[in-house]
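Engineer: any chance you can model this:
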Amino acid sequence: MAPADATGSGSSGAAPAPAARNGVAPVSAAAPTLAEQVASVPTDPGCYLWKDADGNVLYVGKAKNLRARMRQYVQLTDERPMVPRLMAATKSFDYVVVGSEHEALVLEINLIHQYRPPFNVDLKDDKSYPYIAITKGDVFPAIKYTREKHRADTRYFGPYTDARAARATIDVVRKVMPLCIATCAEWKRVRRQLQSHPEQASVAALAQAESGRPCFDFHVGRGPGACAGCITPEQYATHVAQVERFLAGHRGEFVSELKAEMAEAAANLDFERAARVKRRLAVIDGLDDKQRVVLGGGQDADLIGFWREETIAGACVFVVREGRVSRTCEFVLDKGLDVGEEELVSGFVKRYYDQTSDIPLEVCVPVELADAETLEGWLTARRGRRVTLHVPKRGQKAQLAQMAVNNAHHYLARYELRTGYEDKRTNEALLQLESALALDEPPMRIECFDISTIHGKHTVASMVVFTGGKPDKSQYRRFKIRAELDEANDFVSMSEVLARRYGPERMADERFGKRPDLLILDGGKPQLTAAIEQLGALGVDIPMAGLAKSDEELFVPWDDMPVVLPSGSASLYLVKRVRDEAHRFAITFHRELRDKAMTVSILDEIPGVGEKRKRALRRAFGSMKRLREASEGEIAAVPGVPAEVAHEIWETLRAWDEELGRGRERALGESDA
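Structural biologist: Now for the predicted structure:
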């Protein structure tokens with residue numbers, strides 16, 4: 001591994017200071033900055049490793065041009081949210097020069113597997129996933145269920161994310177084609193004997209016929225009888241090849257071979273053998289009934305869907321072979337919205353296909369990848385045939401890709417429920433807020449306000465409450481702003497709401513709940529200052545913070561500089577969720593008042609429409625929008641509305657819509673001018 005400095009001494013860092021001479025200490029040169037060290041990195045392809053002060057690897061990446069790529073990090077021109085946090089923790093780096101971008105990709109995958117850097121995308125579960133393995137290194141290879149994947153003389157199929165599905169598949173395989181299983185005591189005896197006397201491999205069937213004994217599986221038709229000399233290694237190899245094709249999802253050729261064998265047995269009047277083959281074909285037909293065709297033309301493809309949350313994501317792989325979904329694999333990733341979608345997808349593709357040897361000719365992903373060409377070259381080298389990455393936009397593949405997204409969403413929800421992820425994350429968020437905002441205790445009750453208005457009309461405010469980090473909707477409150485406003489004025493509106501909420505009467509009212517541990521305002525320093533003045537006049541002391549929309553910074557009363565919560569942290573996710581919920585609640589209330597006002601004002605202008613008919617119209621259509629979209633006949637069908645009145649309502653609404661359209665055109669014309 002190459003050093004980060006120009007001296008070739010190892011990892012980056014300052015050189016040791018020279019010894020003092022004649023009792024006078026020398027002036028030590030300042031340690032070079034990361035930017036200065038990156039300037040000496042070569043422009044060749046390779047991998048780079050960012051490290052912390054203890055030398056732990058934080059992130060591994062690859063680059064076609066090492067210097068140019070690493071410079072984007074130190075100069076913070078890389079816009080990914082995790083880069084500032086990564087560089088704040090980085091104190092040194094290493095790099096490895098290779099011959100091509102393809103070699104850099106292979107090395108990157110190996111380094112990530114070796115170091116498990118916290119800033120790289122990885123699988124959330126630390127367990128090893130199950131595989132179905134065939135011990136190809138044995139004279140009579142056996143099939144087995146395993147969680148290990150390291151033997152060069154064994155072929156692995158998977159990974160499977162459902163252990164029961166893997167075991168059930170082994171059971172089905174042995175019904176279709178008799179094969180020894182690695183847990184069989186007789187198979188282990190034969191294996192030990194052949195390992196001790198490898199010269200007997202060519203006459204293994206004769207040797208077992210003389211001294212062997214059949215196992216139970218042979219008697220029930222699931223074992224080929226290698227333990228009793230009933231099959232030669234050559235015949236057994238044919239069984240193994242057929243099982244490999246079956247596990248790889250390529251059943252068409254396998255079925256053709258079985259049908260030919262059944263026909264041959266029937267022609268030779270070997271009806272018992274023909275019946276055995278027919279039973280195997282029936283097992284395969286039963287599988288086909290369960291696996292419907294989803295892609296025409298017998299295509300082989302993997303379709304990958306993702307569902308991302310703030311710091312966690314679900315991934316689902318639909319494994320389609322010969323046009324049928326042969327299995328689905330579901331994973332939880334340790335990154336979510338805190339990294340870019342492209343990086344998440346690319347990281348998962350590398351991680352997943354590094355673990356499996358079952359690589360199709362086409363891999364469907366949700367976004368275009370910058371390193372798609374390099375990934376295709378790597379997958380092609382592993383597959384032995386051309387593999388392409390594709391982003392489906394329409395048709396069957398797009399529908400199946402959306403199904404993969406839905407499955408990823410549901411799997412992530414099940415994972416969170418099973419592990420109590422939300423509770424752990426909420427507790428972590430409350431503790432982080434206590435520390436970041438210098439609170440006396442975790443903010444178990446958080447209140448947040450938001451104002452919604454259009455040019456001062458129908459101005460409303462919302463108050464949402466989070467108890468224990470979760471929405472407490474029974475405590476939500478809505479306020480109509482009483483102040484007469486000619487235009488939007490959030491400061492006046494917020495002052496009124498705070499006075500009404502934290503006035504003596506409301507503070508003593510049990511229906512409003514207890515005093516909050518934290519007050520969050522939607523806005524920056526000016527909104528916070530106005531709130532401090534208002535609460536000061538009321539004599540109320542409540543810890544508060546203003547959340548600025550632009551940079552997601554928290555302004556606090558005790559510091560002129562904002563508090564920046566780490567990107568992707570549980571605390572930032574919580575305060576954004578509180579702010580967004582307050583905004584949603586305010587907007588909903590504002591729309592209700594606006595729609596109600598419009599409905600009342602318009603219908604009041606129509607002769608023959610009184611309170612009774614207005615109520616009938618509201619019951620029939622539910623909203624002004626649906627009433628405007630209704631035909632004259634649908635309005636006339638409302639009980640209690642005569643045809644002539646329905647005609648007046650319909651014509652008035654059409655005229656109102658035309659006037660709104662002309663208003664929009666005028667507004668657009670003024671903005672263009």
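Engineer: what pairs with the residue sitting nearest the centre point of the chain across the strands?
Structural biologist: In the chain, the C-alpha nearest the mean C-alpha coordinate belongs to Ala313, at 2.6 Å (Cα atoms, centre = their mean). Legend: beta-bridge partners of Ala313 under DSSP bridges are Arg308, Leu333.
Engineer: ok, now which ones touch it?
Structural biologist: Phe306, Trp307, Val332, Leu333, Lys335, Gly336, Leu344, Ala408, Leu412 (Cβ atoms under 8 Å, 6 or more residues apart in numbering). Glycine gets a C-beta too; all of them are placed from N, C-alpha and C.
Engineer: and of those residues, the nearest to Pro118?
Structural biologist: Lys335 (9.9 Å; Cβ to Cβ).
Engineer: now, among the contacts of Ala313, which is nearest to Val609?
Structural biologist: Trp307 (48.4 Å).
Engineer: next, count neighbours for the closest one.
Structural biologist: Applying other Cβ atoms under 10 Å, we find 20 other residues in the vicinity of Trp307.
Engineer: how about Ala429?
Structural biologist: Neighbour number of Ala429 under other Cβ under 10 Å is 22.
Engineer: helix/strand/coil for it?
Structural biologist: helix (DSSP: H, G, I helix; E, B strand; the rest coil).
Engineer: which residues does it contact?
Structural biologist: Gly469, Ser569, Ala570, Ser571, Tyr573, Leu574.
Engineer: gap between the third one and Glu310?
Structural biologist: Applying Cβ to Cβ, to the nearest Å, one obtains 8 Å for the distance of Ala570 from Glu310.
Engineer: who has more neighbours, the two?
Structural biologist: Set Ala570 next to Glu310 and count neighbours by other Cβ under 10 Å: Ala570 wins out with 21 against 18.
Engineer: isn't the more buried one right up against Arg425?
Structural biologist: Yes - with contact defined as Cβ atoms under 8 Å, Ala570 reaches Arg425; the gap is 4.9 Å.
Engineer: what do the two both touch?
Structural biologist: In contact with both Ala570 and Arg425: Thr311, using Cβ under 8 Å, 6+ apart.
Engineer: can you report how many residues neighbour Asn406?
Structural biologist: So Asn406, with other Cβ under 10 Å, has 12 neighbours.
Engineer: with Phe119 instead?
Structural biologist: Neighbour number of Phe119 under other Cβ under 10 Å is 21.
Engineer: roughly how far does it sit from Lys51?
Structural biologist: Distance from Phe119 to Lys51, by Cβ to Cβ: 11 Å.
Engineer: try Leu281
Structural biologist: 59 Å.
Engineer: what about those two, which has more around it?
Structural biologist: The neighbour comparison of Leu281 against Lys51 (other Cβ under 10 Å) goes to Lys51, with 22 against 15.
Engineer: disregarding residues adjacent in the polypeptide, which is nearest to Leu179?
Structural biologist: Ile143 (5.2 Å; Cβ to Cβ, 6 or more residues apart in numbering).
Engineer: what's the answer for Ala436, then?
Structural biologist: Nearest non-adjacent residue to Ala436 (Cβ to Cβ, 6+ apart): Val563, at 5.3 Å.
Engineer: and the strands in the stretch 201-350 of the chain?
Structural biologist: Using DSSP state E, counting those that start in this stretch, the strands of the stretch 201-350 of the chain run over 301-308, 313-321, 324-333.
Engineer: and for the stretch 401-550 of the chain?
Structural biologist: 445-454, 457-467, 470-471, 477-480, 518-522, 544-547.
Engineer: mean neighbour count added to the ones you listed, as TSV?
Structural biologist: Below are the strands of the stretch 401-550 of the chain laid out as TSV (neighbours: other Cβ atoms under 10 Å):
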stretch	mean neighbour count
strand 445-454	22
strand 457-467	23
strand 470-471	14
strand 477-480	16
strand 518-522	24
strand 544-547	24
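Engineer: how about those, which one is nearest Glu644?
Structural biologist: strand 457-467 (32.7 Å).
Engineer: show me the helices in the stretch 501-650 of the chain, by range?
Structural biologist: 504-508, 525-538, 570-604, 611-621, 624-629, 632-636, 643-672 (DSSP state H, counting those that start in this stretch).
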